[in-house]
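Colleague: 3D, please:
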Amino acid sequence: MEYHLSEIEARVLGALIEKEVTTPEYYPLSLNALVNACNQKSNREPVMNLGEDEVRAALRSLSDQYLARSAGGDSRVAKYEHRVNELFNFHRHEIAVLCVLLLRGPQTPGELRTRTERMYAFEDLDSVHSALNLLMKREPPLVAVLSRQPGTKESRYTHLLSGAPPAEAASAPSGDSQHSAGRDSHNHPTGDSARIAQLESEVAGLRGELAELRERFAAFQKQFQ
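Modeller: Okay, the predicted model is just below:
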């Protein structure tokens, strides 16, 4: 099943996932607690100012897509929980990465490693790549790599629960750079950025597989120690 979550729905789902891991004593969340979680000024990009009606509408949509539901219990106050583990059977490192992508948008592996610390402690960047690789290999894929932005060293990754990301349009050259752009057009034909993004994705996948093999080998070694 392919998902096309709105920005608000992605924020509500990410907040539910985050609070289950970081504050399990207060989970499932009441509507008021969920609104506050969505509107946090820390660990959120962009910062939102959602009302109860907006969050309630997002919960209805998420429920229709089997991603969230009203939690049963003895409490007089209605509470809500996500269902992603039931649907996807995530590993802890996978759900930590997906959660932060839902809450903060596209990020590099280095940013993901730092921002997932409260949910999962990644040992190194290879382990982050391993989680990303697993999410990219899901059917349908839940994460994709974006084309590298000019002047940056690392590619960013984005979740696909809101659909495929729009194609990143190249900015038009200005001034004298138009002439050099014309000269270079034969050396950099249209489609190069897509091929580069594909190669980067494949490299990330290989790194992830290598990290996974290392983890399995380490676990195998421990059996004989």
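Colleague: how about the residue nearest to the spatial centre of the chain, what does it touch?
Modeller: For the chain, the residue nearest the mean C-alpha position is Leu101 (2.7 Å; CA atoms, centre = their mean). Leu101 makes contacts with Gln107, Leu112, Val143, Tyr157, Thr158, His159, as judged by CB atoms under 8 Å, 6 or more residues apart in numbering. For every residue, glycine as well, the C-beta is placed using N, CA and C.
Colleague: and the gap between the second one and Thr158?
Modeller: Relative to Thr158, Leu112 is positioned 11 Å away (CB to CB, to the nearest Å).
Colleague: Can you pick out the residue with more neighbours from these two?
Modeller: Leu112 (22 against 16; other CB atoms under 10 Å).
Colleague: Is that one in contact with Arg156, as I believe?
Modeller: No: using CB atoms under 8 Å, Leu112 makes no contact with Arg156, being 9.6 Å away.
Colleague: Just give me how far stretch 57-74 sits from the chain centre.
Modeller: Taking CA atoms, centre = their mean, to the nearest Å, one finds stretch 57-74 lying 21 Å from the centre of the chain it belongs to.
Colleague: Begin at 465 from now on, thanks
Modeller: Let's use 465 as the start, then, which means that last one is stretch 521-538.
Colleague: any residues touching that stretch, and which ones?
Modeller: Stretch 521-538 has contacts (CB under 8 Å, 6+ apart) with 465, 467, 469-470, 472-473, 475-477, 480, 492, 498, 542-548, 551.
Colleague: what do you get if the cut-off is 7 Å, keeping everything else the same?
Modeller: For stretch 521-538, the external contacting residues (CB atoms under 7 Å, 6 or more residues apart in numbering) are 467, 472-473, 476-477, 480, 492, 542-548, 551.
Colleague: Would you check which pair of those lies furthest apart?
Modeller: Based on CB to CB, the longest span within these runs between Tyr467 and Ala542 and measures 24.0 Å.
Colleague: Tell me which of those two has more neighbours.
Modeller: For Tyr467 versus Ala542, neighbours defined as other CB under 10 Å are more numerous around Tyr467 (17 against 14).
Colleague: and that one, helix, strand or coil?
Modeller: The three-state assignment at Tyr467 reads coil, by DSSP: H, G, I helix; E, B strand; the rest coil.
Colleague: ok, now which ones touch it?
Modeller: Applying CB under 7 Å, 6+ apart, the residues near Tyr467 are Gln529, Leu625.
Colleague: Swap in 10 Å and give it another go.
Modeller: Going by CB atoms under 10 Å, 6 or more residues apart in numbering, Tyr467 touches 473-474, 477, 526, 529, 531, 604, 606, 623-627.
Colleague: In strands only, show me these.
Modeller: Under the assignment DSSP state E, these contribute His623 to strands.
Colleague: out of the contacts of Tyr467, which are buried?
Modeller: Buried members of the contacts of Tyr467, scored by 16 or more other CB atoms under 10 Å, are Glu473, Ala474, Leu477, Leu526, Gln529, Leu531, Leu606, His623, Leu624, Leu625.
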